[in-house]
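> coords please:
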Amino acid sequence: MIAFGRAVLAICFCSLASACASAPISIAGSSFSAPGAPGSDVHRRLDEAVDHFNDDLEMRGLIREASSMQQAMRWMNQLSGQSDVDEPDALTVYLDTQAITLSDAGAPDRVRADVIHVWQGAVGIDAASRTLLEATIGLSRGDVTDALGSVEQAMANALTAQSVFETVILEMTSLHDADALAGLRVERDLLALRVNDLRDRADELAELRRQMRNPSIS
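The predicted structure is shown next:
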């Protein structure tokens, strides 16, 4: 009976997840910029930067975007006591996607190139966020709410990529000498700084949203 109840609950969850995926709910609020307004232009540029960043991380095997149905199936497996035993870990996904063998002499440079690409993408999001924060004219509270969500999502994905790179470096420590890994560690530290920049922009956007709670301001 308990197993049956769990199955019914899981099926309901799947139906709800599918419905949410087909009809997303906006949490931005009721105040939007008119098409072509300065605020909507900078908002669009930020969204484009974040979308490109997230797509690029997924293409490189640094993040995995699970569909709502996949998430529901994982939840069902957890309810039934099953685990995703066949699902590869993040390190394996990255190495397989990029066809990298950690023991190869050129592996540190290949990973280093990926780290550079990621922190440069984060720099682009940071710049777009700064531009949006300066565009007070034509910017609605809804724009700020959406921008905050986008930056937070990008930051979370950047942190996931950072974790993968940290694991790669740890695995490489016994395979390569310090000189071979020196450049990779420098770029790893730069990525950490760029992630902190995104965190700062998210804090500033959250503060701006608090200041715009009065509809007459937005």
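> count of neighbours near residue 209?
Here the neighbour count serves as a burial measure; for residue 209 (other Cβ atoms under 10 Å) it reads 18. No exception for glycine: its C-beta is placed from N, CA and C like everyone else's.
> for residue 62, same thing?
What residue 62 shows, counting by other Cβ under 10 Å, is a neighbour count of 25.
> where does the prediction get shaky in this structure?
Counting by pLDDT under 70, the chain shows low-confidence ranges at 1-39, 66-86, 136, 214-218.
> if we go to 50?
Scanning the chain with the threshold set as pLDDT under 50 gives 1-38, 66-71, 75, 217-218.
> which parts of the chain are helices?
For the chain, the helices identified by DSSP state H occupy 2-22, 38-59, 68-79, 90-98, 107-134, 141-172, 178-211, in order along the chain.
> which strands and helices sit next to the second one?
This means helix 38-59. Counting contacts by 3 or more Cβ pairs under 8 Å, 6 or more residues apart in numbering; DSSP states H and E, helix 38-59 is packed against helix 107-134, helix 141-172.
> so which of those helices is nearest residue 99?
helix 107-134 (9.1 Å; Cβ to Cβ).
> which residues does the closest residue to residue 131 other than its chain neighbours contact?
Take residue 131 and drop its neighbours on the chain: the residue closest to it by Cβ to Cβ, 6 or more residues apart in numbering is residue 42, 5.2 Å away. For residue 42, the contact set (Cβ atoms under 8 Å, 6 or more residues apart in numbering) comprises 128, 131-132, 135, 139.
> from residue 107, how far out is residue 42?
Between residue 42 and residue 107 the distance, using Cβ to Cβ, to the nearest Å, works out to 40 Å.
> wait, doesn't residue 176 sit right on residue 108?
Yes: here residue 176 lies in contact with residue 108, judged by Cβ atoms under 8 Å, at a distance of 5.8 Å.
> neighbour count: these two, which is higher?
Neighbours were counted for residue 176 and for residue 108 using other Cβ under 10 Å; residue 108 has more, 24 against 18.
> who's in contact with that one?
172, 176, 180-181, 183-184.
> which two among the residues you listed are spaced furthest apart?
In the contacts of residue 108, two members sit farther apart than any others by Cβ to Cβ. They are 172 and 183, at 12.1 Å.
> ok, the two, which is more surrounded?
Neighbours of residue 172 and residue 183, each counted by other Cβ under 10 Å, are more numerous for residue 172; the result is 17 against 14.
> and the more buried one, how close does it get to residue 201?
Taken as Cβ to Cβ, the spacing of residue 172 relative to residue 201 amounts to 31 Å.
> cool, and residue 159?
In this structure, residue 159 and residue 201 are separated by 14 Å, where distance is defined by Cβ to Cβ.
> who has more neighbours out of the two?
Neighbours of residue 159 and residue 201, each counted by other Cβ under 10 Å, are more numerous for residue 201; the result is 25 against 16.
> list the contacts for the more buried one?
Residues touching residue 201, when contacts are defined by Cβ under 8 Å, 6+ apart, comprise 125-126, 129-130, 133, 151.
> burial measure for the nearest residue to residue 101 once chain neighbours are set aside, as a count.
Nearest in space to residue 101, with sequence neighbours left out and distances taken as Cβ to Cβ, 6+ apart, is residue 107 at 6.4 Å. Residues near residue 107, counting by other Cβ under 10 Å, number 22.
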